[in-house]
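# based on what follows, work out the 3D shape:
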Amino acid sequence: MKSSGNMATGFIFFVLCVTILTINAFPNETRYKDKSSSFTPVEENGQWSYVGDVDGVYIRLQFNILDSFSEGLARIALDDFCMGEYGFIDKSGQLAILPQYLHALPFSGGFAAVIILDGEDELYGFIDESGELVIDAEYRQAGSFSQGLAAVETFAEGNTGWGFIDRNGEMIIDPQFNYANPFSEGLAMVGIDYKNGYIDEHGNIIIDPQYDRAFEFSEGLAAVGINDDGYKFGFIDKEGDTAVPLQYEWANSFSEGLAAVRVGEKWGFIDKAGTFVAEPQFDRVSYFSEGLALFRIGDQETGRWGFVNKDGEIEIEPQFILAGNFSAGLAMIMIWEDDKGKCGYIDKTGEIVIEPQFDSAASFTEGLALVQNGDDHSFIDKSGDIVLNTPTVEKAWEFMDGIGRILINNNGEWRHGYIDTKGRIVFIAHCYEDG
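Numbers count the residues shown, from 1 in each chain. Got it, this is the predicted structure:
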């Protein structure tokens, strides 16, 4: 999706009596004066859109869904030619905030950053869940709220750079940084003279800028790297002390007390003292989930996937041509059968609980998983029983609070929509473009 100024004139359809006219959208200041106007989803000839009345004018809106729900709302964009202005829908499929912004970030901490056109300037401000502009649009860039603060970039003369505002729009940490990340575990990574360090919520520099790469804190430690004729990564604590020396070619964040690190071309897992619980021996790894981590021995073509436990012991021998992380006690696996791969599910002992029978399969979320055989896509429960058989569903994302995002083939057109855990399609958007 582009966020350029010309998206401010995205197309909508005005229907007056029986005549349908296609015209450019009004400017943001006058487009939707009545934010409480009711829009209703309707289906016509297999296509969904919203219709409603604004200032006595009957309006039809068609849009593209961009991502999953965050804090009960999901981003949409006006969908003529799959481009347009941004708004939000709720979990019932109703328009919660009408499309009127050049760009919008997902909701976080009750607010969403949005771009509003001010003359020729595209400025960031923040709206609440009712769509009210609660922090004026006056920033060059902005991030999401985290721990009560949001990073913003200003460009007022003599006061440029990134700083942090609170939920009242007050500048709590003055603009002074080259860049800034959201707060995580009480600290935020910032750039000064293009070196990375960390500040607290009062703007005090807690860890001096000295790293060429730095990541958010997770479980009390942050992965950092220095490029001295080649990167070396390690971990620091919140006082800036080195917890694990910078000695690895790469380091992932800690998950369930362990982190994956690469030594040469092999991956292993360390604890927070830097002790290897699983020596570097794996060609690919994932992160720990539900006490087990996925690993591969061998290359992408001939290698096999298995699982290691938190003691560094091989819990499930590498035997699968593909596998996914454990979720809800089960993991997707693929085995070679009849000259082709078939997917099923195993439990944490490695026992097959759902026989390999699917051409593809996704992880379980909220008790359901999407599986595919040929053109037939279905949702199964943890017993392997089909709870919804819909040949149009192509892909599914995680369920959140009972609602999951899906990609379907609807009458030959790719579209995003939402489905509940009972297999009922909540809403289908007009057309598809991956956000």
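
# and whichever strand or helix holds residue 97, which strands flank it?
Taking DSSP states H and E as the definition, residue 97 sits inside strand 95-101. Strand 95-101 has the following strand partners under DSSP bridges: strand 86-90 (antiparallel).

# buried residues, the strand it pairs with. List them.
86, 87, 88, 89 (16 or more other CB atoms under 10 Å). To be clear about C-beta, it is placed using only N, CA and C from the backbone, and glycine gets the same treatment.

# repeat that for stretch 185-193.
Buried residues in stretch 185-193 (16+ other CB under 10 Å): 187, 188, 189, 190, 191, 192.

# same list (those) but as CSV, adding secondary structure, pLDDT and distance to residue 266.
Shown next, in CSV, are these (DSSP: H, G, I helix; E, B strand; the rest coil; pLDDT from 0 to 100; distance: CB to CB, whole Å):
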residue, secondary structure, pLDDT, distance to residue 266
187, strand, 98, 31
188, strand, 98, 33
189, strand, 97, 28
190, strand, 98, 33
191, strand, 97, 32
192, strand, 95, 35
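
# return the member of the residues you listed nearest to residue 174.
residue 190 (11.8 Å; CB to CB).

# averaged pLDDT, stretch 407-420. What do you get?
The average pLDDT within stretch 407-420 is 69.

# what about it, how long is it end to end?
14 Å (CA to CA, to the nearest Å).

# with stretch 129-137 instead?
16 Å.

# and residue 21, what pLDDT?
On the pLDDT scale, residue 21 gets 24.

# before we move on, back to that, show me how far the strand holding residue 97 is from its chain's centre.
20 Å (CA atoms, centre = their mean, to the nearest Å).

# now for the buried residues of strand 86-90, which pair is the farthest apart?
86 and 89 (11.3 Å).

# find residues that contact each of the two.
Overlap of the contact sets of residue 86 and residue 89 (by CB atoms under 8 Å, 6 or more residues apart in numbering) consists of residue 76.

# neighbours around residue 227, how many?
By the criterion of other CB atoms under 10 Å, residue 227 has 10 neighbours.

# thought it was touching residue 214?
No. At 11.9 Å, residue 227 does not count as touching residue 214 under the criterion of CB atoms under 8 Å.

# tell me where the stretch 51-200 of the chain has helices.
In the stretch 51-200 of the chain, no helices are found when defined by DSSP state H, counting those that start in this stretch.

# so where's it uncertain?
Residue ranges of the stretch 51-200 of the chain with pLDDT under 70: 51-68, 79-84, 156-159.

# ok, 80 please
51-69, 78-84, 91-94, 156-160 (pLDDT under 80).

# coming back round to it: now render the buried residues of strand 86-90 as CSV, adding distance to residue 74.
Formatted as CSV, the buried residues of strand 86-90 follow (distance: CB to CB, whole Å):
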residue, distance to residue 74
86, 11
87, 10
88, 6
89, 6
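
# what about residue 122, distance to residue 198?
30 Å (CB to CB, to the nearest Å).

# of those two, who's got more company?
Set side by side, residue 122 and residue 198 show more neighbours around residue 198, with 27 against 19, by other CB under 10 Å.

# count of neighbours near the closest residue to residue 91 other than its chain neighbours?
Nearest non-adjacent residue to residue 91, counting by CB to CB, 6 or more residues apart in numbering: residue 403, 5.0 Å away. Residue 403 has 21 neighbouring residues, counting by other CB under 10 Å.

# got the contact list for residue 403?
69, 91, 418, 419, 420, 426.

# is it true that the second one touches residue 71?
When you say that, I think you mean residue 91. No. Counting by CB under 8 Å, residue 91 stays clear of residue 71, with 10.7 Å between them.

# which one among the buried residues of stretch 185-193 gets closest to residue 296?
For the buried residues of stretch 185-193, the nearest to residue 296 is residue 189 (30.5 Å; CB to CB).

# isn't that closest one right up against residue 178?
No. Counting by CB under 8 Å, residue 189 does not reach residue 178; the two are 11.2 Å apart.

# next up, the contacts around residue 124.
Going by CB under 8 Å, 6+ apart, the list of residues near residue 124 reads 113, 114, 115, 116, 137, 138, 139, 140, 141, 142, 152.

# identify the bridge partners of it.
Going by DSSP bridges, residue 124 forms beta bridges with residue 115, residue 139.

# likewise for residue 155?
Under the criterion used (DSSP bridges), residue 155 bridges to residue 160.

# what's the local residue count around it?
Residue 155 has 14 nearby residues by other CB under 10 Å.

# likewise for residue 312?
That count, for residue 312 with other CB under 10 Å as the rule, works out to 17.

# these two touch, right, it and residue 275?
No. With contact defined as CB under 8 Å, residue 312 does not reach residue 275; the gap is 9.9 Å.

# quick check: which ranges of the stretch 251-400 of the chain have low pLDDT?
Those would be 338, 366, 375-378, 387-400, if you go by pLDDT under 80 across the stretch 251-400 of the chain.

# cutoff 70 now
388-398, 400.

# ok, back up a step: now, which of the contacts of residue 124 sits nearest residue 331?
residue 113 (36.3 Å).

# return the residues in contact with that closest one.
Per CB under 8 Å, 6+ apart, neighbours of residue 113: 104, 105, 124, 125, 126, 142, 143, 144, 150.

# tell me how far it lies from residue 420.
Applying CB to CB to residue 113 and residue 420 gives a distance of 29 Å.

# what of residue 164?
Taken as CB to CB, the span from residue 164 to residue 420 is 38 Å.

# between these two, which is the more surrounded one?
residue 164 (29 against 17).

# bridged to that one, which residues?
Beta-bridge partners, per DSSP bridges, of residue 164: residue 151, residue 173.

# looking at the contacts of residue 113, state which has the most neighbours.
residue 150 (29 neighbours).

# skipping adjacent residues, who's closest to residue 360 in space?
residue 372 is the one closest to residue 360 (CB to CB, 6+ apart), at 4.6 Å.

# any idea how far that neighbour lies from residue 387?
The value you get for residue 372 to residue 387, if CB to CB is used, is 15 Å.

# surely residue 274 is in a strand?
No. According to DSSP: H, G, I helix; E, B strand; the rest coil, residue 274 belongs to no strand; its state is coil.

# surely it is in contact with residue 245?
Yes. Assessed by CB under 8 Å, residue 274 is found in contact with residue 245 at 6.8 Å.

# any residues in contact with both of these two?
With CB under 8 Å, 6+ apart, residue 274 and residue 245 have common neighbours residue 234.

# neighbour-wise, which of those two wins?
Set residue 274 next to residue 245 and count neighbours by other CB under 10 Å: residue 274 wins out with 16 against 11.

# more neighbours: which of residue 372 and residue 387?
Neighbour totals were compared for residue 372 and residue 387, and residue 372 leads with 18 against 14 (other CB under 10 Å).
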